[in-house]
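**Q** The following comprises the amino acid sequence and a computationally predicted model.
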Amino acid sequence: MTQRERMLAGLLYNAADQELHKARIRAKHLTYLYNTCDPADMERRASIMKELIGEQAEHTWIEAPFYCDYGCNIVFGDNFYSNVHLTILDCAKVIFGHDVMIGPNVDIYTAGHPVHPETRCTEWEYAREVRIGDRVWIGGRSVINPGVTIGNDCVIASGSVVTKDVPDGVIVGGNPAKVIRKITEEDKKYYFKKLPYDRGV
Ligand SMILES: CC(=O)SCCNC(=O)CCNC(=O)[C@H](O)C(C)(C)COP(=O)(O)OP(=O)(O)OC[C@H]1O[C@@H](n2cnc3c(N)ncnc32)[C@H](O)[C@@H]1OP(=O)(O)O
């Protein structure tokens, strides 16, 4: 098995491997171009993102700056929006559902290191897939840890550190993130606190 195959299989792998190093440099180069591109130059912006993440770029709107390790390990659903400073350490797959919205300064990590110093202070590390369901809103400054699956229709409150799986249809918050409450039909009536959802049309 190559180190890349080991990485994607969730096994210990050597991050200093040349193939992986090259792939990271490619992603750093493209994100550098993206992050320094004139925001008004939409064509160039779109073409850089397409080179980084492929055809799926058409269905995304990612505010710069954006950072990732490889780019090719991220799967975006349709209608993906991220605010500024999204960091995705995509050593394993990061799979988003449709209609996902992400606030500023969100970090999604698949990467990890052993905790014992003797095994940690080597070039060997691991990665675990992260999955985020359909219609999820991740609030600003949240962190999603390796191996986490977030269900459909969830809200991750700002500043959450998500260390465990999140079931469908709930709001979670805090560090470590816990369920605050379920989202119910009653929530349809309001847009914020008890303010009525009235679009004035
Ligand atoms: C795509 C973009 O760019 S979005 C722009 C960035 N915006 C954001 O990140 C805003 C994210 N919004 C939040 O985090 C909001 O607090 C929401 C959506 C979670 C509020 O949900 P609501 O159910 O209306 O929460 P409400 O304000 O009634 O609070 C319910 C409880 O959760 C707690 N709570 C609310 N927000 C948080 C939070 N971020 N972290 C921890 N606890 C929280 C409240 O203190 C309250 O606790 P209590 O019952 O003990 O008093």
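**A** In hand now; what should we look at?
**Q** ranges for the helices of this protein?
**A** If DSSP state H is used as the criterion, the helices of the chain fall at 3-8, 18-35, 42-53, 117-120.
**Q** so where is the chain shaky, pLDDT-wise?
**A** Residue ranges of the chain with pLDDT under 70: none are present.
**Q** hmm, back to that, need the helices of the chain in JSON lines with mean neighbour count, can you?
**A** Where you see a C-beta, it was placed from the backbone N, CA and C, and this is true even at glycine. Written out in JSON lines, the entries for the helices of the chain read as follows (neighbours: other Cβ atoms under 10 Å):
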{"stretch": "helix 3-8", "mean neighbour count": "18"}
{"stretch": "helix 18-35", "mean neighbour count": "15"}
{"stretch": "helix 42-53", "mean neighbour count": "17"}
{"stretch": "helix 117-120", "mean neighbour count": "10"}
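**Q** Figure out which of these is closest to Glu129.
**A** Nearest to Glu129 among the helices of the chain is helix 3-8 (9.0 Å), distances taken as Cβ to Cβ.
**Q** what about Arg181, neighbour count?
**A** Neighbour count for Arg181, taken as other Cβ atoms under 10 Å: 11.
**Q** Out of the helices of the chain, flag the one nearest Asn79.
**A** Nearest to Asn79 among the helices of the chain is helix 42-53; the distance by Cβ to Cβ comes to 14.9 Å.
**Q** Can you add distance to the ligand and give the helices of the chain back as JSON lines?
**A** Compiled in JSON lines, the helices of the chain are given as follows (distance: least, Cβ to the nearest ligand atom, whole Å):
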{"stretch": "helix 3-8", "distance to the ligand": "29"}
{"stretch": "helix 18-35", "distance to the ligand": "18"}
{"stretch": "helix 42-53", "distance to the ligand": "18"}
{"stretch": "helix 117-120", "distance to the ligand": "30"}
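**Q** Reformat the ones you listed into TSV and put distance to Met101 next to each item.
**A** Rendered in TSV, the data for the helices of the chain read as follows (distance: least, Cβ to Cβ, whole Å):
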stretch	distance to Met101
helix 3-8	27
helix 18-35	20
helix 42-53	17
helix 117-120	35
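**Q** So which of these is nearest Gly139?
**A** Within the helices of the chain, the stretch nearest Gly139 is helix 18-35; the backing value is 22.6 Å (Cβ to Cβ).
**Q** The closest one relative to helix 42-53, how many degrees between them?
**A** When axes from the mean of the first three to the mean of the last three Cα atoms, to 10 degrees is applied, the directions of helix 18-35 and helix 42-53 differ by 160 degrees.
**Q** Quick one: distance of helix 18-35 to the chain centre.
**A** Taking the mean C-alpha point of helix 18-35 and that of its whole chain, the gap between them comes to 17 Å (Cα atoms, centre = their mean, to the nearest Å).
**Q** helices or strands up against it?
**A** For helix 18-35, the contact count by 3 or more Cβ pairs under 8 Å, 6 or more residues apart in numbering; DSSP states H and E identifies helix 3-8, helix 42-53, strand 66-68 as packing neighbours.
**Q** Can you tell me what sits against the longest one?
**A** So the one you mean is helix 42-53. By Cβ atoms under 8 Å, 6 or more residues apart in numbering, the list of residues contacting helix 42-53 from outside reads 27, 30-31, 33-34, 37-39, 57-58, 60, 62, 64, 68, 71-72, 74, 76.
**Q** Having no further points to raise, I will conclude here.
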